[in-house]
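J.: What shape does this take:
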Amino acid sequence: MKWELILVLLIVTMPLAMATDFNQPISSEDKATFDQILEPVMKIYNMVKYAATVIAVIILLFAGVSYMTSGNDPKKRDTAKNMVMYVVTKHFGLENKSFNYLAIYNADYKKIIENFKAVAEASREIISYLEEGLVGG
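T.: Okay, here's the model as predicted:
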């Protein structure tokens, strides 16, 4: 039933799509309207982009300090390395799905879960600190 409905919709809408001329030049009025609509969207996009950059830098700084002050504690070192790895892989758009993460990290399941919990706790601390600084000021 679902496939039949999809097929009927496809058959009905195909002539409409084929009849549309996408090679028409854009008028200056349409371009101005589009730019006017897009302006607030771009402001929000830029704000989110810069906020994400600031948060990434804060996390990298926190991870660096955590790594330097970890001493002989391998759990703290691993947590700091994981935080850096996450930020860097997200920045460069690298795949870091769980199966890839396991292959890269080469550790047992319990240790990985333990490290994820430590990263989550560190993230909560960072967010709490930021909220206190921004809101409680």
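
J.: Every contact and neighbour count from this point should use C-alpha atoms.
T.: Fine.

J.: Mean confidence (pLDDT) on the helix or strand in which residue 115 is found, please.
T.: Using DSSP states H and E, residue 115 falls within helix 109-131. Average pLDDT, helix 109-131: 75.

J.: Export only the CA atoms of that helix, formatted as CSV.
T.: C-alpha atoms of helix 109-131 as CSV (Å, rounded to 0.1, in the frame of the first residue of the first chain):
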residue,chain,number,x,y,z
TYR,A,109,34.8,-2.5,26.5
LYS,A,110,34.8,-1.7,30.2
LYS,A,111,37.7,0.7,29.9
ILE,A,112,36.0,2.6,27.1
ILE,A,113,32.7,2.9,29.0
GLU,A,114,34.7,4.1,32.0
ASN,A,115,36.4,6.7,29.9
PHE,A,116,33.1,7.8,28.3
LYS,A,117,31.8,8.3,31.8
ALA,A,118,34.8,10.4,32.7
VAL,A,119,34.4,12.5,29.6
ALA,A,120,30.7,13.0,30.4
GLU,A,121,31.6,14.1,33.9
ALA,A,122,34.3,16.5,32.7
SER,A,123,31.8,17.9,30.2
ARG,A,124,29.3,18.5,33.0
GLU,A,125,31.9,20.3,35.0
ILE,A,126,32.9,22.5,32.1
ILE,A,127,29.2,23.3,31.3
SER,A,128,28.6,24.0,35.0
TYR,A,129,31.6,26.3,35.2
LEU,A,130,30.5,28.1,32.0
GLU,A,131,27.0,28.5,33.2
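
J.: Could you list the buried residues of that helix?
T.: 112, 115, 118-119, 122, 126 (16 or more other C-alpha atoms under 10 Å).

J.: Stretch 74-89 now?
T.: Within stretch 74-89, the residues that count as buried by 16+ other C-alpha under 10 Å are 76-87.

J.: could you check the angle helix 109-131 makes with the longest helix anywhere in the chain?
T.: Longest helix in the chain, counting residues (DSSP state H): helix 28-68. Here helix 28-68 runs at an angle of 110 degrees relative to helix 109-131 (axes from the mean of the first three to the mean of the last three C-alpha atoms, to 10 degrees).
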